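Asker: generate a structure from the sequence data that follows.
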Amino acid sequence: MENNIKENKKSVFIAIILNLLFIGAGHYYIKDTKKAFIFFPIMILALSLMYYLSTLVEIGIFVGLIYFLCFSIYIYSIIDVIKLIKNEGIRDYESKDIKLLFFICAYALLSILIYTYSPLKVYSVPSNNMATTIMKDDRIVVNKLNKEVKRGDIIAFRYSKDEKVHYVKRCIAIEGDEILFQEEHFFIHFSEGDEYIKANFPQEKIKNIGGRLWVDNPYRQQFSGIQYDEKINLFDAMASYLSSNHLAMKPAQVEDLPLKEGYKFNTFYAKVEKDHFYMVGDNRDHSNDSRFWGSVPKENIIGKAGSILINFKNLSRMGKLLQ
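Answerer: This next block holds a predicted model:
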């Protein structure tokens, strides 16, 4: 009798651990193969639904409900496997059964394939260079099928100098656009020309520089997360990078812009190359971006960021649509 009780406890423990690591594996362990092959696709469908919905609209409450659904499926799988063991009594569970090992290996391989080739990818953000649009520890959903980049989009991409490093920034300019940067000012001359600028931007944001029209901070009113830090003089910081050739933008002296005391130049200039995009963080004075290492080639684009899936340190950010 004591041996039977000991064996039963061991079986319950193993089944719980297996279901926690590989949902459905605990059922396979006790020979309930039908449920073993049902739980995994149900969980994948629930997660896929959560990721997909999070790229469409601002649906924090729905994302939360699906999180709860996934958690409930896990809990139910554990409760169910315990009930099956207690109701059916002790059986020969064959803890060394080679089929269980094959099941777990197949499960792990399938999980890796789904994660690798899924059109939706979740990234954890380690810094505040996009604050307050994206905060540190936000987990954002990126649609890898949407590689079309438009001005103003928030895009995930591979860093050109080390493609193992991934960044998330806002595209502020596309091929043919020209950029002038002064302290707290991005002046952009869009490649479509002066008539396009006059038709699409308010007069107060347009400045005539060198006989052409430029738009001063064209996205700042549209996207409230864009900000500058009054305590930081980024112009001086960027100038210090010139001697080490660690700055992609070129110094320039432009008569129509205010002079910079102590410098032979008063702005930094860049023109976006063909099939490239200029990516800048919304936290403008705390962002390592295209100003320092250049524009991003088209082939390095991963996809468009859709929304914040969750931030475990700040649940109020869950489901927030990125714009």
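
Asker: for stretch 225-235, buried residues please.
Answerer: Applying a neighbour-count criterion of 16 or more other Cβ atoms under 10 Å, the buried positions in stretch 225-235 are G225, I226, Q227, Y228, L234, F235. Every residue, glycine included, has its C-beta placed from N, CA and C.

Asker: with secondary structure added, can I get these in CSV?
Answerer: What follows is the buried residues of stretch 225-235, written out as CSV (DSSP: H, G, I helix; E, B strand; the rest coil):
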residue, secondary structure
G225, coil
I226, coil
Q227, strand
Y228, coil
L234, helix
F235, helix
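
Asker: so which of these comes closest to L100?
Answerer: Ranked by distance to L100 (Cβ to Cβ), those are led by G225 at 49.5 Å.

Asker: how near is the closest one to T132?
Answerer: Note on G225: its distance to T132, by Cβ to Cβ, to the nearest Å, is 5 Å.

Asker: so what sits against both of these two?
Answerer: Applying Cβ atoms under 8 Å, 6 or more residues apart in numbering, one finds that G225 and T132 are jointly contacted by D282.

Asker: helix or strand for I308, which one?
Answerer: If you go by DSSP states H and E, I308 is part of strand 301-310.

Asker: packing partners for that strand?
Answerer: helix 60-88, strand 120-124, strand 139-143, strand 154-159 (3 or more Cβ pairs under 8 Å, 6 or more residues apart in numbering; DSSP states H and E).

Asker: out of those, indicate the one that is most buried.
Answerer: For the helices and strands packed on strand 301-310, average neighbour numbers computed from mean count of other Cβ atoms under 10 Å are highest in strand 139-143, which has a mean of 23.

Asker: if we can go back for a sec, give me the angle between the strand holding I308 and strand 139-143.
Answerer: With axes from the mean of the first three to the mean of the last three Cα atoms, to 10 degrees as the criterion, the two stretches strand 301-310 and strand 139-143 enclose an angle of 140 degrees.

Asker: where do the helices sit along the stretch 151-300 of the chain?
Answerer: Using DSSP state H, counting those that start in this stretch, the helices found in the stretch 151-300 of the chain span residues 194-200, 234-240, 290-293.

Asker: mind checking which of these is nearest G306?
Answerer: helix 290-293 (22.2 Å).

Asker: for that closest one, give the mean pLDDT please.
Answerer: With pLDDT averaged residue by residue, helix 290-293 scores 96.

Asker: what packs against it?
Answerer: In terms of contacts (3+ Cβ pairs under 8 Å, 6+ apart), helix 290-293 is packed against strand 267-271, strand 276-280.

Asker: out of the ones you listed, which comes closest to G303?
Answerer: For the helices and strands packed on helix 290-293, the distance to G303 is smallest for strand 276-280, at 12.9 Å, taking Cβ to Cβ.

Asker: angle of the lengthiest strand in the chain against strand 120-124?
Answerer: In the chain, taking DSSP state E as the definition, the longest strand is strand 162-174. Per the same axes, to 10 degrees, the angle that strand 162-174 makes with strand 120-124 is 100 degrees.

Asker: just give the strands next to strand 162-174 in its sheet, each with its orientation.
Answerer: Looking at strand 162-174 with DSSP bridges, its paired strands and their directions are strand 154-159 (antiparallel), strand 276-280 (antiparallel).

Asker: so what's the gap between the first one and the chain middle?
Answerer: From the chain centre to the centre of strand 154-159 is a distance of 8 Å (Cα atoms, centre = their mean, to the nearest Å).

Asker: and the shortest one, by the same measure?
Answerer: Per Cα atoms, centre = their mean, the displacement of strand 276-280 from the mean C-alpha position of its chain is 16 Å.

Asker: CA atoms of that strand as PDB?
Answerer: Output in PDB follows, covering the C-alpha atoms of strand 276-280 (Å, rounded to 0.1, in the frame of the first residue of the first chain):
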ATOM      1  CA  HIS A 276      17.500  53.200 -47.500                       C
ATOM      2  CA  PHE A 277      15.600  54.600 -44.500                       C
ATOM      3  CA  TYR A 278      16.500  57.100 -41.900                       C
ATOM      4  CA  MET A 279      15.600  55.800 -38.400                       C
ATOM      5  CA  VAL A 280      15.600  58.000 -35.300                       C
END
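
Asker: from one end of stretch 301-321 to the other, what's the distance?
Answerer: The first residue of stretch 301-321 is 20 Å away from its last residue (Cα to Cα, to the nearest Å).

Asker: pull out the buried positions in that stretch.
Answerer: Judged by neighbour count using 16+ other Cβ under 10 Å, the buried positions of stretch 301-321 are 301-311, 317-320.
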